[in-house]
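[1] Okay, sequence plus prediction incoming.
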Amino acid sequence: MAYVRHHEELIRRGGLKGTQLLNDDLGSPIEYIYTPAAAGPGAPTVILENGLGSPLESWDWVRYLLKEQVGVIQYHRRGYGRTKSAQRPAVIMERIIQEHGLTGPVVLVAHSIGALVSANALAESEKLRSRTEALIILDGTNGVLLDEDRNTPGRIGTFKQTAMQEALASTLGVNRWAPSKLERDVEYRPDIQRAFLTTGARPSTQVAALREYLTESTANQRKVSSYGIRQLVVAAEDNITQQQELAEQLGASFSHVPASSHRSIIGKLQCAEIVASIIRQVADVKN
């Protein structure tokens, strides 16, 4: 049952309403979606960085609300979806930008551990640093707290156990019959909801998430301010105190999305509308 569900999702991704593929320099595929701006390749480009264990479909409402106003890039990192490329996110971003001839300024928007991924991408790519005007962090991972988790055996053991349970449940098809908290926290369009849940539950996704949880560098998060890049931390309502601390550590502006949780901040339309409005303001575009 689980195999059939995953196979159906891969077929959808390869269809007309699916995703795009682009090979890296070594010939390995990168899965992504590029939605162009009506104003052309010189318009601002918003790059959406996924959270831990989340597929690119997690940004569907945000992409829909920004459509044609800015260029929008969604993509999968190594181990997610159809991406087989082992290249670092910075290289993948550069490759997609080059493929579509994008010349305008870049705004990075990062959810969860995407905050660390984006900081590392900026540290690793001078090209990306020179193009990026702002980094918007949505309920982002605090590198200091993640380091504490990694150095606490009980916490890291719990995370590993949860990842293994999710992978096993997906393999056996058990999670098809029991709606999870994740499923209740997001309300996408039916096809996207199914894609989000199916891809997020794949064993390969769980393995990739575990790898990132254990290895994604926390060393560059506080360096972003030295690049002259504007930063804004936007908290879920149930995580305001922790996110305020992150904003203070980064020297970033702070805001929050009312009635939101870690997933629903982009997974429910009413929350995504606020997020999209913030992105428009930062990118200096009109409705």
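    Okay, I see it.
[2] Contact partners for the spatially most central residue of the chain?
    Nearest to the geometric centre of the chain sits Asn50, at 1.0 Å (Cα atoms, centre = their mean). By Cβ atoms under 8 Å, 6 or more residues apart in numbering, the residues touching Asn50 are 56, 58-59, 74, 76-77, 80, 111-112, 114. Glycine gets a C-beta too; all of them are placed from N, C-alpha and C.
[3] could you redo the last one with a cut-off of 6 Å?
    Contacts here follow Cβ atoms under 6 Å, 6 or more residues apart in numbering; on that basis Asn50 touches 58, 114.
[4] so how far is Thr198 from it?
    According to Cβ to Cβ, to the nearest Å, Asn50 and Thr198 sit 15 Å apart.
[5] what stretches of the stretch 101-250 of the chain score poorly on pLDDT?
    Low-confidence segments of the stretch 101-250 of the chain (pLDDT under 70): 155-181.
[6] If we go by neighbour counts, what in stretch 231-250 is buried?
    231-236, 239, 243, 246-247, 250 (16 or more other Cβ atoms under 10 Å).
[7] And for stretch 98-108?
    Buried residues in stretch 98-108, counted by 16+ other Cβ under 10 Å: 102, 104-108.
[8] what's the closest of the residues you listed to Asn23?
    Leu102 (18.1 Å; Cβ to Cβ).
[9] what kind of secondary structure is that closest one in?
    For Leu102, the assignment made with DSSP: H, G, I helix; E, B strand; the rest coil gives coil.
[10] That one: what's it in contact with?
    With the criterion set at Cβ under 6 Å, 6+ apart, Leu102 makes contact with 41, 45.
[11] Ramachandran coordinates for Leu232?
    Main-chain dihedrals, Leu232, degrees, to the nearest 10: phi -140, psi 120.
[12] And it, how close does it get to Asp60?
    Taking Cβ to Cβ, one finds Leu232 at 22 Å from Asp60.
[13] just to revisit the earlier point, ok, so of the buried residues of stretch 98-108, who is nearest Ala86?
    Leu108 (21.5 Å).
[14] just checking, that closest one is part of a strand?
    Yes. Secondary structure of Leu108 (three-state DSSP): part of a strand.
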